[in-house]
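Enquirer: Just need the structure, nothing else, for what follows:
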Amino acid sequence: MSEALDTLIETLSHCGEVTRHMSDLSWLDDESVPASWLYAHDEDPGQYDEPPPLPTAASQLSRPTDPDQLAAAEDPDQLAAATDPDQLAAATDPEPPPEPPWWLTDEFCGTPEEEHAAWLASLPEDIRSEYLTAPDTEPGFTHHDGGGRPGTGFAAGGELDQMPPGPWLAQALAEETGPGSRELTDSEQIGVLCGWQRQVAWAHAGMAAAITAVVSRRRAQSTRPGWSQLADHIIDELAVALRMTTRAAGFEADAAAGLARLPAVAAALAAGRLDRARATVITSQLFVLTDEQATAITDRILPRAPEQTTAQLRAALARAVLAADPAAADRRKKEGRKDTRVEAWDEASGNKVLAGRELASADAIAADAQLTADAHWLRRRGAPGTLAELRAGAFIARLSGRDLVSLLPGADDATPDPDESSGNPARDPAAGPEPSGTINLTMPLSAYAGLDDGPGEAAGHGAIDAETSRALALRMGGTARWCLTLTGPDGRAVAHACARTGHAPVPGSPAIRWAAGLRERLQFLETGACSHRRQVPGYTWPGGLRHLIEIRQRTCTAPGCRRTAPRCDIDHTTPFDQGGRTCECNGGPLCRRHHRAKQAPGWHLTQDQPGAMTWRLPGGREYQTTGPPYLE
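Expert: This is a model prediction of the structure:
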């Protein structure tokens, strides 16, 4: 075993400053290390204990003084064994060292050559080339004897970059970032950042467990005679102990209760796979469901949750909750609508907020779309301001009874006389056509036909129930353009077709007949190796090709961004002036912010196949996106 440890120490001595501390293998004897870290489930940890001291020949032959031992020593067999030359020789020779445990063998770890080859093959081609050709040590790499070792420590793929949170990770983070520590590479700095995120999540899980323990103890104590009021003041006690307001303490208690109700979420938080914000989104969104329903949705949502932002996770959960219990969702809406109101309050800046609360979803979505249409109408006529400012102006003008033309340059801000006014564009044909909002509504065909209550989605507004979907569809009437999107087993779009404007499914008639009528218009999206059959020679994206890309990827392709595709630029992944095609395989929606980010130093975007985007950021790490599916 000593030879195996020497080999391990020699290998680790080349792994940088972080792993220098691992060359002291005294930690293997530390009783605080869990046995599950060191041994297989079917191993006996005792087999690697130090053997007891071997008796010497002198001790074998020495006469005992205890009477019982003296009596036992008179046994002829024992006396013969004690004086046998062969047994005496065996007693003085040390036993051969045991075989090294499974966790130190090449079968478990792989040989250094195999590990290095696998890591090298995983690198992007340009980084691999840079690594192999660089003569000296470069940021993020460590060269030895003309070859190289994989990144270690907190660098991408290193052992500390993937270490679960807990005392060991805390020690490593402290050593790497404490006073006098060496300067980290870009990749290591990102690894340290992510390590702290895992560590904070672990701490939040521990705090939630402690709060749950306090709450459980006080509730148990409140069952004693005369102690019933103790349970009424648990939150007050938490507030005093944690030096926070009662409201904040109540939030902590609710969060802890949600984690206790969903152990899988608590385990993911403790393991650092979720941060507190995402764990709270899950527990709060599923609070309205039964334990069985909440557990089923958690099992389905949790595998993807670590890769999602809180907004993406909330949207996925909203769809899942609507699908799990549409009747309960409808009851909650109707109950909430009893509290519908308009509120006004002060902004910190000194301005005001005016907001409608608990409004009917269809009405609110349609009104929002109308404000956007008003803003565009004003912009086309020269009104100054951003789109957000023009929407706010239209909002106040409509509510205060003023014409939209009062917002145009040179117009009188006073309310015009009805007899002399050029009129509201919504009423006066001379002022232009009536603005009509655009609503990108996605809903199952079966829900539109009334066959089920599957949830839909309004772009920019998230998941909506079937009743709201049908109400919006009827409101859009004959001015809407209806499209059909077919999805594959993974819930992603595989084909798409649009009907002529006004040719909508007729409520009450078999919707499948309408869908069948679009068979000739159906276009299958490119997957895998692109055929380029819809490629165009110029730089500008044709409307039909842009629409297909927006159907394939409904949001900005940057990791975590939820800006809807119609509000994004369609970007050439490989720039057009560098040979990039104007084709499905080289296009993707990017919001203006991430469009600029893509062009910043250190940012790089590739599209290996249509819709499969790989982002490489200045820290040298990669992130893949494919866009959210229609069904999850």
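Enquirer: Residue 162 and residue 154: what is the separation?
Expert: For residue 162, the distance to residue 154 equals 10 Å [C-beta to C-beta, to the nearest Å]. For every residue, glycine as well, the C-beta is placed using N, CA and C.
Enquirer: With residue 465 instead?
Expert: Counting by C-beta to C-beta - residue 465 and residue 154 are separated by 46 Å.
Enquirer: who has more neighbours, these two?
Expert: Neighbour count, other C-beta atoms under 10 Å: between residue 465 and residue 154, residue 154 has more, with 28 against 24.
Enquirer: Make sure that one is indeed in a strand.
Expert: No - judged by DSSP: H, G, I helix; E, B strand; the rest coil, residue 154 forms no part of a strand; its state is coil.
Enquirer: quick one, what contacts it?
Expert: 18, 160, 161, 172, 176, 184, 187, 188, 189, 191, 192, 195 (C-beta atoms under 8 Å, 6 or more residues apart in numbering).
Enquirer: residues of stretch 320-337 that come out buried?
Expert: Within stretch 320-337, the residues scored as buried using 16 or more other C-beta atoms under 10 Å are 320, 321, 322, 323, 324, 325, 326, 329, 330.
Enquirer: ugh, wrong one, stretch 578-589
Expert: Across stretch 578-589, burial judged by 16+ other C-beta under 10 Å covers 580, 581, 582, 583, 584, 585, 586, 587, 588, 589.
Enquirer: cool, stretch 247-265 as well?
Expert: The neighbour-count check on stretch 247-265 (16+ other C-beta under 10 Å) flags 249-250, 252-256, 258-262, 265 as buried.
Enquirer: rewinding a little: from the contacts of residue 154, list the buried ones, please.
Expert: Neighbour counting by 16+ other C-beta under 10 Å classes 18, 160, 161, 172, 176, 184, 187, 188, 189, 191, 192, 195 among those as buried.
Enquirer: Which helix or strand contains the fifth one?
Expert: This points to residue 176. According to DSSP states H and E, residue 176 maps onto helix 167-177.
Enquirer: Quick check, residue 344 in contact with residue 354.
Expert: Yes - between residue 344 and residue 354 there is a contact at 5.1 Å, judged by C-beta atoms under 8 Å.
Enquirer: Tell me which of those two has more neighbours.
Expert: Set side by side, residue 344 and residue 354 show more neighbours around residue 354, with 12 against 8, by other C-beta under 10 Å.
Enquirer: Now do the phi/psi pair for the more buried one.
Expert: Per-residue torsions, residue 354: phi -130, psi 120 (degrees, to the nearest 10).
Enquirer: same check, this time on residue 535
Expert: phi -60, psi 140.
Enquirer: do you know how far the residue nearest to it when sequence neighbours are not counted is from residue 548?
Expert: With sequence-adjacent residues excluded and distances taken as C-beta to C-beta, 6 or more residues apart in numbering, residue 535 is closest to residue 583, at 3.9 Å. If you measure residue 583 against residue 548 using C-beta to C-beta, the figure is 11 Å.
Enquirer: list residues touching both of these two?
Expert: residue 534.
Enquirer: Low-confidence regions, the stretch 51-200 of the chain specifically.
Expert: 51-152 (pLDDT under 70).
Enquirer: Can you report how many residues lie near residue 185?
Expert: Using other C-beta under 10 Å, residue 185 is surrounded by 21 other residues.
Enquirer: Pretty sure it sits against residue 153.
Expert: No - between residue 185 and residue 153 there is no contact under C-beta under 8 Å: 9.4 Å.
Enquirer: For these two, list the residues in contact with both.
Expert: Residues touching both residue 185 and residue 153 (C-beta under 8 Å, 6+ apart): there are none.
Enquirer: since we're on residue 499, how many residues are nearby?
Expert: When neighbours are counted by other C-beta under 10 Å, residue 499 registers 18.
Enquirer: for residue 495, same thing?
Expert: What residue 495 shows, counting by other C-beta under 10 Å, is a neighbour count of 16.
Enquirer: With residue 225 instead?
Expert: Residues contacting residue 225 under the criterion other C-beta under 10 Å number 5.
Enquirer: Kindly report the same for residue 531.
Expert: The number of residues near residue 531, taken as other C-beta under 10 Å, comes to 12.
Enquirer: Can you tell me the element it falls in?
Expert: Using DSSP H and E, residue 531 sits within no helix or strand.
Enquirer: for residue 497, same thing?
Expert: Per DSSP H and E: strand 493-498 holds residue 497.
Enquirer: who touches that strand?
Expert: Strand 493-498 is contacted from outside by 481-488, 518-519, 521-525, 527, 547-548, 551-552, 630, using C-beta under 8 Å, 6+ apart.
Enquirer: Now do the buried residues in it.
Expert: Using 16+ other C-beta under 10 Å as the test for burial, strand 493-498 gives 493, 495, 496, 497, 498.
Enquirer: from these, which is closest to residue 374?
Expert: For these, the minimum distance to residue 374 (C-beta to C-beta) is 26.2 Å, reached by residue 498.
Enquirer: The closest one bridge partners, please.
Expert: Going by DSSP bridges, residue 498 is paired in beta bridges with residue 483.
Enquirer: Just the local confidence number for it, please.
Expert: The model reports residue 498 with a pLDDT of 83.
Enquirer: so how far is residue 539 from it?
Expert: 24 Å.
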